[in-house]
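Participant: For reference, the sequence and a predicted model appear below.
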Amino acid sequence: MSSWMEIEEFSALVNLDISAIRSLIDEGKLISKEEEGQCFVEVSRSAQALIPATKGIVIDDSYEGSSVSLSSEFVEKTVGAILSLHEKVLDAKEETLDALKGENRFLKEALFSMQELCDEDRKVIETLSKQLALLQDELEFTKRKYKMMWNKAVESYTPPTK
């Protein structure tokens, strides 16, 4: 994947004069193309030409008094590895977000289903409560009826004489 940038923007990005950039294009160190009268510079491959190819960069560690030598190739590979890891982290993040969204949809559907079941149970409980109240009223009526019948029977009862 190549990314192209106008020569003026590239000049501002790398902090070089347009004439210096044109001379690097003429030397073949930078890749360019002309479209509609505009000069475009290829950014990713041209960045390597702008990094000075040194044998090594010396980093002085003041704490231990030692120095480490790093080549520009090592730095480029390290930056490439970091970018690759960053892309993998972003991909993993997207996968995690997709998984969480799917789980949330599942939980939402389960919640709606539970709510429907709860509503149905509430209706059944209401119906059974009404039936229970009716049966209790009927039972009370039956008790009063039998009590009245037995009271009449007891009042009119005369014990047999011997």
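Facilitator: All right, it came through fine. Numbering: from 1, shown residues only.
Participant: alpha carbons only for contacts and neighbour counts from here, please
Facilitator: Will do.
Participant: for L132, phi and psi?
Facilitator: Backbone geometry at L132, expressed as degrees, to the nearest 10, gives phi -60, psi -40.
Participant: what's the neighbour count on it?
Facilitator: 12 (other C-alpha atoms under 10 Å).
Participant: and what of K143?
Facilitator: Applying other C-alpha under 10 Å, I find that K143 has 12 neighbouring residues.
Participant: residue contacts, the residue nearest in space to the middle of the chain?
Facilitator: Residue closest to the mean C-alpha point of the chain, counted by C-alpha atoms, centre = their mean, is L97 at 2.3 Å. Listed by C-alpha atoms under 8 Å, 6 or more residues apart in numbering, the contact set of L97 is empty.
Participant: What strand or helix carries it?
Facilitator: helix 72-156 (DSSP states H and E).
Participant: what pLDDT, on average, does that helix get?
Facilitator: Here helix 72-156 scores 92 as its mean pLDDT.
Participant: Return the backbone torsion pair for N15.
Facilitator: According to degrees, to the nearest 10, N15 has phi 60, psi 50.
Participant: so how far is E34 from it?
Facilitator: 21 Å (C-alpha to C-alpha, to the nearest Å).
Participant: Please apply the same query to N104.
Facilitator: 51 Å.
Participant: Then L107?
Facilitator: 56 Å.
Participant: With E109 instead?
Facilitator: Distance from E109 to E34, by C-alpha to C-alpha: 57 Å.
Participant: and what of S11?
Facilitator: S11 is 16 Å from E34, by C-alpha to C-alpha.
Participant: neighbour count winner among those two?
Facilitator: Legend: neighbour count by other C-alpha under 10 Å for S11 and E34, higher for S11 (17 against 10).
Participant: If you count neighbours, what's buried in the helix or strand where I25 lies?
Facilitator: With elements taken from DSSP H and E, the one containing I25 is helix 18-27. Residues of helix 18-27 classed as buried by neighbour count (16 or more other C-alpha atoms under 10 Å): I21, R22, L24, I25.
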